[in-house]
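Novice: Sharing a sequence plus its predicted fold:
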Amino acid sequence: MAFQGALEIHRQIQEGKITAVSVLKQSLQAIAQQDLDIGAFLSVHGETALAEAAAVDAKVSAGETLPLLAGVPIAIKDNINVTGMPTTCASNILTGYISPYNATVIEKIKTAGLPIVGKTNLDEFAMGSSTENSALKVTRNPWNHHCVPGGSSGGSAAAVAGAMVPLSLGSDTGGSVRQPASLCGLVGMKPTYGLVSRYGLVAFGSSLDQISPFAGDVADAAALLQLIAGFDPLDSTTLKTETPDYLTTLEQLPSNLRIGVIQELNGEGMQPEVAENFAQMIELCQKQLGASIQTISMSGIQPAIAAYYIVATAEASSNLARFDGVRYGQRKKTTGDVHAMYRKTRAEGFGPEVTRRIMLGTFCLSSGYYDAYYGKAQRARALLRKQFQEAYGQVDLLICPTSPTTAFKIGEKASDPLSMYLSDIATIPVNLAGIPAISIPSGFDKSGLPMGLQILGPRLSENKIFQVARAIEQVTGYHHLLPPALAQTVAQ
Ligand code: GLN
């Protein structure tokens, strides 16, 4: 299935060459064959998905024109609510919780007719960069089963990279879609803050979170973003923009393209192969796309991680207060009063990383410390936004490697949260500034693990980002990549 893109599958369903039910069955079969090893899914919902696929086939038989992407199976990160399915956030605290409502993106997906195959693994409450913070299972990178798939949306990335579904959704608060896309050889697109509704996404850092697509190529990612984007009266932070159409102009390349290289994210502290690969990408943009290249220095990049870990933890400490054993999921029994019940439920329900972040966030917001930490972080954030704005006065887009390293071994960084935090240096500034950025596959390291190029643009420049990403993808040919072991089985 990974040989074909989502749009191609959709076209064949519309033309009656294949049925949505047969595509779905292939997807379920791939999950049955591979997911015992990969561990991408926390729950699979074959029956409801089959009914959704059959409804699409009925429309084709009736001669109807299908909505974009109808019939393409999709996997959903398990912090996005789907009616009747569990939402675990990969946390023990939500054991037994079944969602009574659909997120807005899910309403759109269901209306369009994409069968929802299952819910995917993540770092608990989306806090992490490797999916190792999941309380429920280990997810392996389809390119090397000893390595992490990245995170926090590691399950959604592994589901697409492992050719189990052509599309999936993740959420990106500080890089959780772009970094796993980079580590798994996929396209991952974090839209402008407010382009996609957060209604029904379990909140982590509300001023940073965006639901974001994974796909095998740029066109598929653009199609999925087009489908889920748009103003939503249920999310007051959504932007009042027109529904975008990225596909019509996707093949056009902006003329006189000016690309900036972020000096602070060029080489230093990166795996040497990542730095070399990035140098090749700069050359490609210059020679093949005819872009002019200039170096842009941004002093706001370095403090971004520190600022992020204050803003994100502060927001998380407030957002996660609702998980107290009263309304959602698990309630621990005690002989004490209601406070004892809260304490026991939260102490036993949250894992170590979530606990660490709640404590950090609560501390940063506490009286006497608020201005020293939270206020200062907000000032660093404002400076970064300003520097991005200034940069986009000089160039159209910025580029850098998505992640300083390729996929690391499972367990390698698990006991060192700080080194894990530092690996988000290139992705975090994007969320702090609220701007869009994509990660596209850019090559492989010596051991055959994928690397990614990140392209950043000003607010609402998704169209231009997609156009340039598409042009690069056509030069490199790095799309719909299949891990070698999988390519062999598919070919047999
Ligand atoms: N790795 C970052 C963190 O741990 C980003 C997570 C995310 O984008 N959800 O917070």
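Specialist: Looks like it arrived, so ask away.
Novice: Helix or strand with the lowest mean pLDDT in the protein?
Specialist: Least confident helix or strand of the chain, by mean pLDDT, DSSP states H and E, is helix 484-491 with a mean of 73.
Novice: confidence score at the residue positioned nearest the centre of the chain?
Specialist: Computing the C-alpha centroid of the chain and ranking residues by Cα atoms, centre = their mean puts Val177 first, at 2.1 Å. Val177 is assigned 98 on the pLDDT scale.
Novice: just Ile259 next, same as before
Specialist: 98.
Novice: And the closest residue in space to it that isn't next to it in sequence, how far from the ligand?
Specialist: In this structure, Ile259 finds its nearest non-sequential neighbour in Ala291, 4.5 Å apart by Cβ to Cβ, 6 or more residues apart in numbering. All C-beta spots, glycine's among them, are computed from the backbone N, C-alpha and C. Going from Ala291 to the ligand by Cβ to the nearest ligand atom, to the nearest Å gives 29 Å.
Novice: Same question for Gly84.
Specialist: Gly84 is 25 Å from the ligand, where distance means Cβ to the nearest ligand atom.
Novice: Ser99 is in contact with that residue, correct?
Specialist: Yes - between Gly84 and Ser99 there is a contact at 7.1 Å, judged by Cβ atoms under 8 Å.
Novice: check contacts around Ala426.
Specialist: Gly175, Leu265, Cys400, Pro401, Thr402, Ser403, Pro404, Gln454 (Cβ atoms under 8 Å, 6 or more residues apart in numbering).
Novice: Counting neighbours, what do you get for the fourth one?
Specialist: By that I understand Pro401. The number of residues packed near Pro401 is 26, by other Cβ atoms under 10 Å.
Novice: One more: Glu15?
Specialist: Residues near Glu15, counting by other Cβ under 10 Å: 9.
Novice: For it, report the pLDDT, please.
Specialist: 97.
Novice: near the ligand, which residues of the stretch 151-300 of the chain?
Specialist: Ser152, Asp172, Thr173, Gly174, Gly175, Ser176, Phe204 (Cβ under 6 Å from any ligand atom).
Novice: Please state the offset of whichever strand or helix holds Ala314 from the chain centre?
Specialist: Element membership of Ala314 [criterion: DSSP states H and E] is helix 304-319. Mean-position distance between helix 304-319 and its chain equals 18 Å (Cα atoms, centre = their mean, to the nearest Å).
Novice: How about Leu422, nearest residue that isn't a chain neighbour?
Specialist: Ile305 (6.5 Å).
Novice: Quick check: that neighbour vs Val261, distance?
Specialist: Distance, Ile305 to Val261, using Cβ to Cβ, to the nearest Å: 20 Å.
Novice: cool, and Glu242?
Specialist: 32 Å.
Novice: Same question for Leu482.
Specialist: From Leu482 to Val261 the distance is 31 Å (Cβ to Cβ).
Novice: and the residue of the chain positioned farthest from its centre, how far is that from Thr95?
Specialist: Largest separation from the mean C-alpha position in the chain: Thr335, at 42.1 Å (Cα atoms, centre = their mean). Going from Thr335 to Thr95 by Cβ to Cβ gives 22 Å.
Novice: And the strands in this protein?
Specialist: 41-44, 74-77, 116-120, 167-172, 187-190, 210-215, 258-262, 292-296, 397-401, 437-444, 450-456 (DSSP state E).
Novice: follow-up on the earlier one: tell me, how many residues neighbour the residue nearest to Leu422?
Specialist: 19.
Novice: looking at it, it is touching Ser419, isn't it?
Specialist: No - between Ile305 and Ser419 there is no contact under Cβ under 8 Å: 11.5 Å.
Novice: pLDDT wise, what is Asp416 at?
Specialist: So Asp416 comes in at 86 (pLDDT).
Novice: what's the burial count for the residue of the stretch 301-450 of the chain found nearest the ligand?
Specialist: Using Cβ to the nearest ligand atom, Asp424 is the residue of the stretch 301-450 of the chain that sits closest to the ligand, at 4.8 Å. With neighbours defined by other Cβ under 10 Å, the count for Asp424 comes to 24.
Novice: which residues does it contact?
Specialist: By Cβ under 8 Å, 6+ apart, the residues touching Asp424 are Ser129, Gly174, Gly175, Gln179, Ile305, Tyr308.
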